[in-house]
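Colleague: Build me a model from this:
(one chain, ligands or ions: 2)
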Amino acid sequence: MGYPHPSHPRETPLLSEHFGELEARSYDGWLARGGYQALRKALTMNPDDIIAEVKTSGLRGRGGAGFPTGLKWSFMPKDTAKPHYLCCNADESEPGTFKDREIMRWTPHALIEGCAIAQLAIRAEVCYVYIRGEFTEPYRVMERAVAEAYAKGVLGADALGSGRRIEIVLHRGAGAYICGEETALMNSIEGRRGNPRIKPPFPAVAGLFGMPTTINNVETLAAVPAIINRGGAWYAGLSLSNPKSTGTKLISVCGHVQHPGTYEITLGFPMKDLIYDLCGGMRPGRTLKAVIPGGSSVPIMTPGEIEDCATDYEGIVARGSMLGSGGMIVMDDSTDLVYQIMRLARFYAHESCAQCTNCREGTAWTTRILQRILAGEGKASDLDLLLDLSEQMTGRTICVLSDSCAAPVVSGIQKFRGEFEAYLSRSPAAAMAASA
Ligand SMILES: Cc1cc2nc3c(=O)[nH]c(=O)nc-3n(C[C@H](O)[C@H](O)[C@H](O)COP(=O)(O)O)c2cc1C
Ligand code: SF4
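Modeller: Ligands and ions are numbered 1, 2, ... in the order given. Below is the predicted model of the structure:
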């Protein structure tokens, strides 16, 4: 079992405050840390007031897209003639992302409390927590915590003696990245193949089992108790750069930094300070080459682009990439970027559900071209072909897995073209052209 690093003085530990404390995993330990006060408060509020508080907080989805959480909740119908469902997305398969598992491992009751409050807000009768199949330890911790919450009367037909029913069901995935996409996730829970569905209809209209459904990420839901306890306005005040990016964010940093790990920052924190101060900078004798800031599905950034970049939704977009899931992959000058981009393309080709031609063929073809270039058999026209393929893979498919494959390819060629050309100049075709 891995323990987290001691909190850095420049972090803002809100979700991570109790990471590493074994006692925080138990019901009593969570109660001693102020747990379930927010749920008690929410049980006295009407659903619209809970949603209003979350809207005031400015909380945005931490699963990747950054959609405003309160607004998403408000899309759910207000009548309860049909059952309503909440799905907590604990699939976390995005390469470079390892923050939701820390919430489940260390503070499972924070997630249970967040799920319970969200259920009250959207009038859901059940919350399904969809946990990635490989998450053995987080699953065991969550299983224990949910059983304890039922035994203590937090969950069940009479939640905390309120007369209200709150139910949580844990559902294990089987190791498919695509099942993190919200509609594939719902298919998977229903026992179908995890293929994304065409939208509309959107989940708030026809989601799980055809009923109104909201899907939220683990980190999004775990942030809700603090918002109910301390108020949406307080949470909205946690912002260092753009007022549209509020609260704290867990950033999982991996790769060539001296101290990889999960860091909690206030949104707007300077990216350069995150890499060089909190994470200790590059390994001795090495310099920074590239950063993929939001999980592998977003454009690659250059060292110049991380200068003065605020780590928040708008700040990273202004520098040509996206905050995404907050999984930051840092690469130094020892990195072969062409090889790393090929590995990403190969991952997406493997994980494509194959429903859409542009994704099924595009991810596989992109991988083959990159492998050909790496083998020294690339053609001068390959870079244009890759860019053309990427264009055909973007914005034309049922879900954005296809776009995700194209993002590192396009940004890699645009920003690090010399690395591709170095491979091409070593190919037999280039040698023949030179000797002609
Ligand atoms: C291919 C693919 C994989 C995804 N994987 C995840 C995931 O593992 N966890 C997650 O929370 N969101 C994932 N998402 C985003 C979800 O579809 C959805 O937007 C998110 O769970 C909504 O929660 P939020 O509003 O709280 O961010 C993925 C999306 C795509 C297209
Ligand atoms: S884009 Fe790819 S993963 Fe998404 S639905 Fe189409 S084929 Fe499946």
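Colleague: wait, does the lengthiest strand in the chain make contact with ligand 1?
Modeller: Longest among the strand segments of the chain by residue count, using DSSP state E, is strand 248-255. No. Figure legend: strand 248-255 not in contact with ligand 1 (CB under 6 Å from any ligand atom); closest approach 11.6 Å. Every residue, glycine included, has its C-beta placed from N, CA and C.
Colleague: Pull the residues that contact that strand.
Modeller: 12, 14-16, 62, 96-99, 102-103, 219, 223, 238, 260-267, 274-275, 278-279, 311-312, 323, 326-332 (CB atoms under 8 Å, 6 or more residues apart in numbering).
Colleague: Tell me which entries of the residues you listed lie within helices.
Modeller: Residues of these located in helices (DSSP state H): 102-103, 219.
Colleague: Among these, which one sits closest to residue 242?
Modeller: Nearest to residue 242 out of the ones in helices among the contacts of strand 248-255 is residue 219 (CB to CB; 19.1 Å).
Colleague: For that closest one, give me its contacts.
Modeller: For residue 219, the residues meeting the contact criterion (CB under 8 Å, 6+ apart) are 15, 62-63, 99-100, 103, 249-250, 326.
Colleague: and the longest strand of the chain, which strands flank it?
Modeller: Taking DSSP bridges as the criterion, strand 248-255 pairs within the sheet with strand 261-266 (antiparallel), strand 327-332 (parallel).
Colleague: quick one: average pLDDT of that strand?
Modeller: Mean pLDDT, strand 248-255: 98.
Colleague: Next, report how far it is displaced from the centre of its chain.
Modeller: Relative to its chain's centre, strand 248-255 lies at 10 Å (CA atoms, centre = their mean, to the nearest Å).
Colleague: Also stretch 218-232?
Modeller: On CA atoms, centre = their mean, the centre of stretch 218-232 falls 17 Å from the chain's centre.
Colleague: Mind listing what's buried along that stretch?
Modeller: By neighbour count on 16 or more other CB atoms under 10 Å, the buried set for stretch 218-232 is 218-229, 232.
Colleague: Next: stretch 71-82.
Modeller: Quick answer for stretch 71-82 (16+ other CB under 10 Å): 72-74, 76.
Colleague: and which of the residues you listed is nearest residue 178?
Modeller: So of the buried residues of stretch 71-82, ranked by how close each gets to residue 178 (CB to CB), first place is residue 72, at 21.3 Å.
Colleague: Any figure for the gap between the closest one and ligand 2?
Modeller: Distance of residue 72 to ligand 2, computed by CB to the nearest ligand atom, to the nearest Å: 21 Å.
Colleague: same check, this time on residue 195
Modeller: Taken as CB to the nearest ligand atom, the span from residue 195 to ligand 2 is 6 Å.
Colleague: Any residues of the stretch 1-150 of the chain in contact with ligand 1? List them.
Modeller: 61-65, 67, 89, 91-94.
Colleague: show me where pLDDT drops low in the chain?
Modeller: Scanning the chain for pLDDT under 70 picks out the ranges 1, 430-431, 433-436.
Colleague: Which single helix of it contains the most residues?
Modeller: helix 357-374.
Colleague: quick one on the thing from earlier: take the strands paired with strand 248-255 and lay them out in a markdown table including mean neighbour count.
Modeller: Converted to a markdown table, those look like this (neighbours: other CB atoms under 10 Å):
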| stretch | mean neighbour count |
| --- | --- |
| strand 261-266 | 23 |
| strand 327-332 | 24 |
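Colleague: Get me the contact residues on this structure for ligand 2.
Modeller: Proximity of the chain to ligand 2 is confined to 178, 196, 352-356, 359-360, 397-399, 401-402 under the rule CB under 6 Å from any ligand atom.
Colleague: excluding its backbone neighbours, what's nearest residue 187?
Modeller: Excluding the flanking residues, the one nearest residue 187 by CB to CB, 6 or more residues apart in numbering is residue 194, at 5.6 Å.
Colleague: Which parts of the stretch 101-250 of the chain are helices?
Modeller: For the stretch 101-250 of the chain, helices defined by DSSP state H, counting those that start in this stretch occupy the ranges 108-122, 136-151, 182-189, 218-222, 224-230, 232-236.
Colleague: who does the longest one touch, helix- and strand-wise?
Modeller: Read it as helix 136-151. Packing partners of helix 136-151 (3 or more CB pairs under 8 Å, 6 or more residues apart in numbering; DSSP states H and E): helix 27-32, helix 100-106, helix 108-122, strand 126-131, strand 168-172.
Colleague: Just list the residues touching the closest residue to ligand 1 within the stretch 151-300 of the chain, thanks.
Modeller: Across the stretch 151-300 of the chain, the shortest distance to ligand 1 (CB to the nearest ligand atom) belongs to residue 180, at 2.3 Å. Contact analysis of residue 180 by CB under 8 Å, 6+ apart lists 63, 89, 91-94, 132.
Colleague: Out of the residues you listed, which is nearest to ligand 2?
Modeller: Closest approach between these and ligand 2, by CB to the nearest ligand atom: residue 93, at 12.5 Å.
Colleague: Among the residues of the stretch 1-150 of the chain next to ligand 1, which ones are in strands?
Modeller: Among those, DSSP E puts residue 89 in strands.
Colleague: Quick one: buried ones out of the residues of the stretch 1-150 of the chain next to ligand 1?
Modeller: Buried, going by 16+ other CB under 10 Å: 61-65, 89, 91-94, out of those.
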